[in-house]
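1. I'd like to go over a predicted model; first the sequence, then the structure.
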Amino acid sequence: MTAGVSIELKGIAKTYAGGVQALKPTDLAVARGETLVFLGPSGCGKTTCLRLIAGLEMPDPNGSLSFDGEDVTRTEIEDRNVGMVFQSYALFPNMSVAENIGYGLKVRKIAPAERDRRVREMLALCGIEALSERAIDQLSGGQRQRVALARAVAIRPRVLLLDEPLTALDAALRERLRGELDQLLRSLGITSIYVTHDQAEAMALGDRIVVMRQGAIAQIGAPRDIYFRPASRFVAEFVGAANVLSGEVRDGSLHLEGGKLALAGTGVGHDRSLMVMLRPESIRLIAPDQAVWRGRISAVSFLGDRQRVTVTGAAAQPVTVEPGNDLELAIGDLVGLDPAPGSLVVIPKETDSA
Amino acid sequence: MTAGVSIELKGIAKTYAGGVQALKPTDLAVARGETLVFLGPSGCGKTTCLRLIAGLEMPDPNGSLSFDGEDVTRTEIEDRNVGMVFQSYALFPNMSVAENIGYGLKVRKIAPAERDRRVREMLALCGIEALSERAIDQLSGGQRQRVALARAVAIRPRVLLLDEPLTALDAALRERLRGELDQLLRSLGITSIYVTHDQAEAMALGDRIVVMRQGAIAQIGAPRDIYFRPASRFVAEFVGAANVLSGEVRDGSLHLEGGKLALAGTGVGHDRSLMVMLRPESIRLIAPDQAVWRGRISAVSFLGDRQRVTVTGAAAQPVTVEPGNDLELAIGDLVGLDPAPGSLVVIPKETDSA
Amino acid sequence: MKSRRLFAITCLVPAVLVVTAFFVIPAVMLLFIGAGKGPDGEAGLWRYLAVLTTERYRSAMVSTVILSLLVTAVTLVIGGISGVFLARNRFAGRGILVACLTFPLAFPGVVVGFMVIMLAGRLGLIASISVALGGDRLVFAYSMAGLFLGYLYFSIPRVLLTVMGVAEKLDGRLIEAARSLGAGPWAVQRDIVLPALAPAFVAAGSICFATSMGAFGTAFTLATRIDVLPMVIYQEFTESANIAMAAALSVMLGLVAWLILALARLNGGSSVAAAG
Amino acid sequence: MKSRRLFAITCLVPAVLVVTAFFVIPAVMLLFIGAGKGPDGEAGLWRYLAVLTTERYRSAMVSTVILSLLVTAVTLVIGGISGVFLARNRFAGRGILVACLTFPLAFPGVVVGFMVIMLAGRLGLIASISVALGGDRLVFAYSMAGLFLGYLYFSIPRVLLTVMGVAEKLDGRLIEAARSLGAGPWAVQRDIVLPALAPAFVAAGSICFATSMGAFGTAFTLATRIDVLPMVIYQEFTESANIAMAAALSVMLGLVAWLILALARLNGGSSVAAAG
């Protein structure tokens, strides 16, 4: 439908009155039609970044923002032609569903007949034809979300900006709408910026993910890059459950409380001590006599599709393992831990340690 | 600390003014020290059930409710000695954290010295000693949750009632507090009733789960019973992701669009047609030439610890499979589907089909 | 169960007592006296009609209603614009401005009338300025214009505060959403802000109208030449000793104000209560 | 950027104009006249002190403040209990009860004064009943008691509506939580409901106090024998033509009312605005 534009941020920063720097000078390029996800904890600057791209905030001097090469740094939001979806949806309570969706077209003085046609098109696209004449307060959360999306897409924006659009929904609905949203974004082919603090959402929707921390970019990459090759301990722990283990290196192995881990193939130099990361689902539980790394089960939690097992004694901190739901486990059992080949990731040393 | 009581409901029902029957006549026994979870979609009667046990609603005539054999059906909540934790926490905004926790003791006219001692004990138990003098509006969501729990436990209740206590928190925090709550409930050994619509929460916390639907109990059982042996299609789909497949039975196999499934060991009689359930994580993806059941990948979603794959052509509806994150998959690939032994669950026929 | 019922009764009894003894009886008496014997010895419901048939009463009623409508309209425009502006902007001196705009709340009607005289009376500021500028002596304190000015003076702060209260609670995301859809500042005001404030406007406007209908202190201070309804009632009661007519006029005045408040409550919901 | 600035200025200019020309000038003039020449030819700030030193003014000020405090206290008790009860209970006739309790809002002060005379005046209901019962003729309309009754009549509805508005928004879970902790109905009211309503009480009470301080219509209708401050100001102004003294008294009256409102706003926050 719409091809969207490429976006380029050059040295964009934001300092609020009072001197708080919400975003450090940032360079970023978004390709045409790409879905880019900003992921991070609250206060990391991801929403500030979105609002700067939207034009709801003005960046500090010297930064520049362009859409397809056109400088829009000082353009007001109403002239940027961007579609926005808010966490609270921000639907106009004094208008019906159809009026909400058509509002952007009405403001653009598009003829009523054409406007009606495009509103109907949007209603069909989002599967909410039946709600057309409803008042906003008669809609469920999921329906509001769809109306908000339809309203933002109806103006055929150059960029679609989504600020935690699924956060206000409950888990099951969030998962279903995430799938729908993914299909819609791909079928529209529109450049999209998506902000979330939910790593599963980021993984499922993003062509690339920008992990942010304390007003700066911690890592940019495809979901698999971020998950399997985190650039820092922070990224490792934020994008999924992670066991971060520290130990001494001797004879090509990392020595831990409960045994050792072979370091072959991780390309480690000659450091004396090392920090590594292991995902819970990449550790297999095996008989203790077959293992070189052992521990004792201190907690088992049945989660339906899998179990969450806490193993103590294997490392300084308890190690979390997530085996399948078919294994019979009991608290107190001695177990062997067997990391899958290639699942051991060395975490670069850094000054921060959160 | 407290042993808690056993609870018995006999023919407890609730009809609201206007004739809506929120809870059909229900019998239920809760053992001393047990954690029982009511699980169901909104409007299923789970909260009504909790409020009846609490004494916030009065049941229809003829029902009876007893704590350790003592009839409390007509006892007011203030005389039932139950601890409640609300979804909104309902902390008193005009009192500090310590005053909130001590309020139940103050109302009971417990001497200030003893009261202080028990408040400090609770603060320590919930790990919020540092917040003692804080005002409620200075607390984060997770902190509020802990204060609400401490306040409910401080009165040493006979039963602890929790009404979706984690729903208002975001995903990561919810998961962490779920673990803490589990440990606390187990260490207190108090009889607990927990209401939630989140199946992962129910699985992780409940000794037994009561799945509710339309004001009646759909199934009662341990988490594994509910997950692996659902009594109906509704339960199967509510307690986790489920592929529900219908087909014709011929030669001891269930024939589907993309092949057949062996029915050996499922104890099926001589029905001509059958409905079965397969969990997404119990289906292995194998080479198509090795499989008797095949389909084509129509969508792949990387979720970090696993992938979600949609396979079409295998059955009338698309089949969802959740393989590990190490498999390389592409849309359009022909794949073989191999259910794990014993993972096929026959769903009893019923009139309802939601 | 017992304690709760006892509690409910303890609360209900004073309320019911107060209502019947105190609120309903005087109103019902007023209604009957209005139809009872006057100084002319005649009784009848005709007095209620007199508000429409007798020239003096009718013109007082008409001018009171027109004056109140005008005051309400102008108050809503000025108070509404200032209220929205003050709620949505932060600037140096804002606190002082709000304080200045709201201090008329502290002045009773008599003092407001007094102020109008000092501003627009025979020896008032406007008269002095107009003479100093070589023009005619501009005096309008003792006319409807003076009354209008006085009513504005005490109406604007109420409307301003009500509108500010609602405007501050207005969800800023709604405005951001409208802007993202291409709406300029005027379109945002017209399509988003005004509709959101409509209930507050209805509430504040109806209170403003009812207050203007019944304002007495200001009118009394300014002069007896202005025939607004509360003045006429007072004159009937004290000067003509025509208690029955005064009662009938009071009932009619109450009725009009009551109607407006009831209509507003139907449309504006509970916010009228808050503004009450 | 341009259009937004233009927009802001378009909003700001009328506000500033209105403030300076209309709100501040009369108040400042009042202040100066209070210190200016009186009919005795003397000027000075002493007039502001006269409120404290001259017996007549002091007693008027004291009795006005005491009356207003009493009215406020009684109004808060009656309006508070009824408001909480009406907000938290649904029963047949509730709508009519609320309508009855709030219709005094539609009656101006003159009419309220009038009602008090009919209830407690020489030929009023209470007098007739007391005589019929063989007792003395009970008449208290023309005293402070009558004024008190009249002020209650128009104060209670405002407080009632404000309290009802806030009580209806009170989170029912708080009460359920308190009950689950063992709190009986009285403890729930004392520990949960009253603290939650405190800001509404402060707001409604301060408005009630300021209104009572300045109420004129009722006092004027009841008689000129009652020396409340607004009456004294009126008399100074019209009968004694002592404009300076009237101005000084007005300033002092405004000051007291303003202080109470400002204190309430500090404590009750924005809810005073909503009740204003």
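-> Now that the structure is in, tell me what you want to look at. On a predicted model such as this, the values are computed, not experimentally measured, just so you know. Numbering: from 1, shown residues only, chains lettered A, B, ... in the order given.

2. and the closest residue to chain D within chain A, how far is that from residue A:54?
-> For chain A, the residue closest to chain D is residue A:76, as judged by Cβ to the nearest Cβ, at 6.7 Å. Every C-beta, even on glycine, is put in place using the N, C-alpha and C of the backbone. As for residue A:76, its distance to residue A:54 is 11 Å (criterion: Cβ to Cβ, to the nearest Å).

3. Which one of the two is surrounded by more residues?
-> residue A:54 (20 against 17; other Cβ atoms under 10 Å in any protein chain shown).

4. Help me confirm that that one comes into contact with residue A:81.
-> No - Residue A:54 is beyond contact range of residue A:81, at 10.9 Å (criterion: Cβ atoms under 8 Å).

5. so where's the chain uncertain?
-> If you meant another chain, say so; for now it's chain A. A:1-3, A:265-271, A:350-354 (pLDDT under 70).

6. Not quite, go with chain C.
-> Residues of chain C that meet the criterion pLDDT under 70 lie in C:1-22, C:37-44, C:223-225, C:267-276.

7. Which SSE is immediately downstream of the longest helix anywhere in it?
-> In chain C, with assignment by DSSP state H, the single longest helix is helix C:55-88. Once the chain leaves helix C:55-88, the next helix or strand it forms, by DSSP states H and E, is helix C:94-102.

8. Please see if that following helix touches chain A.
-> No - figure legend: helix C:94-102 not in contact with chain A (Cβ under 8 Å from any Cβ of the partner chain); closest approach 15.3 Å.

9. quick one, that helix and helix C:55-88 angle?
-> Using axes from the mean of the first three to the mean of the last three Cα atoms, to 10 degrees, the inter-axis angle of helix C:94-102 relative to helix C:55-88 is 170 degrees.

10. Give me the contact list for the host helix or strand of residue A:227.
-> In this structure, residue A:227 sits in helix A:223-228 according to DSSP H and E. Residues outside helix A:223-228 that contact it (Cβ atoms under 8 Å, 6 or more residues apart in numbering or on different chains) are A:202-203, A:206, A:209, A:211, A:219, A:235, A:239-240, A:279, A:345, B:302, B:304, B:325.

11. Can I get that helix in PDB? Just the C-alpha atoms.
-> Below are the C-alpha coordinates for helix A:223-228, written out as PDB (Å, rounded to 0.1, in the frame of the first residue of the first chain):
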ATOM      1  CA  PRO A 223      16.500 -10.600  17.000                       C
ATOM      2  CA  ARG A 224      18.800 -13.700  16.700                       C
ATOM      3  CA  ASP A 225      21.900 -11.500  17.000                       C
ATOM      4  CA  ILE A 226      20.700  -9.900  20.100                       C
ATOM      5  CA  TYR A 227      19.500 -13.100  21.700                       C
ATOM      6  CA  PHE A 228      22.500 -15.300  20.800                       C
END
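
12. any residues touching the helix or strand following it, and which ones?
-> Remark: after helix A:223-228, the chain's next helix or strand is helix A:233-238, criterion DSSP H and E. Helix A:233-238 is contacted by residues A:39-41, A:199, A:211, A:213, A:218-219, A:226, A:230, A:242, A:244, A:275, A:277, A:345, A:347, A:350, A:352-354 when judged by Cβ under 8 Å, 6+ apart.

13. Drop anything exposed from those residues.
-> Using 16 or more other Cβ atoms under 10 Å in any protein chain shown as the burial test, the contacts of helix A:233-238 include A:39-40, A:199, A:211, A:213, A:218-219, A:226, A:230, A:242, A:244, A:275, A:277, A:345, A:347 as buried.

14. so of the residues you listed, which ones are in helices?
-> A:199, A:226.

15. which one among the buried ones among the contacts of helix A:233-238 gets closest to residue A:193?
-> residue A:39 (11.8 Å; Cβ to Cβ).

16. that's a strand at residue A:337, yeah?
-> Yes - the assignment for residue A:337, made by DSSP: H, G, I helix; E, B strand; the rest coil, places it in a strand.

17. Look up the closest residue to it, ignoring the ones flanking it.
-> Take residue A:337 and drop its neighbours on the chain: the residue closest to it by Cβ to Cβ, 6 or more residues apart in numbering or on different chains is residue A:293, 4.7 Å away.

18. tell me the contacts of that neighbour?
-> A:256, A:258, A:259, A:260, A:261, A:314, A:336, A:337, A:338, A:339.

19. farthest-separated two in the contacts of helix A:223-228?
-> Maximum distance among the contacts of helix A:223-228 (Cβ to Cβ): 20.1 Å, for A:206 and A:345.

20. Just after the helix or strand where residue C:168 lies, pick out the following helix or strand.
-> Element membership for residue C:168 (DSSP H and E) is helix C:144-169. Using DSSP H and E, the helix or strand that directly follows helix C:144-169 along the chain is helix C:172-180.

21. Pull the CA coordinates from that next one and hand them back as CSV.
-> Extracted in CSV, the C-alpha atoms of helix C:172-180 (Å, rounded to 0.1, in the frame of the first residue of the first chain):
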residue,chain,number,x,y,z
GLY,C,172,-2.6,15.1,26.6
ARG,C,173,-2.3,12.0,24.4
LEU,C,174,-5.6,13.0,22.7
ILE,C,175,-4.1,16.2,21.6
GLU,C,176,-0.9,14.5,20.5
ALA,C,177,-3.0,12.0,18.5
ALA,C,178,-5.0,14.7,16.8
ARG,C,179,-1.8,16.5,15.9
SER,C,180,-0.2,13.4,14.5
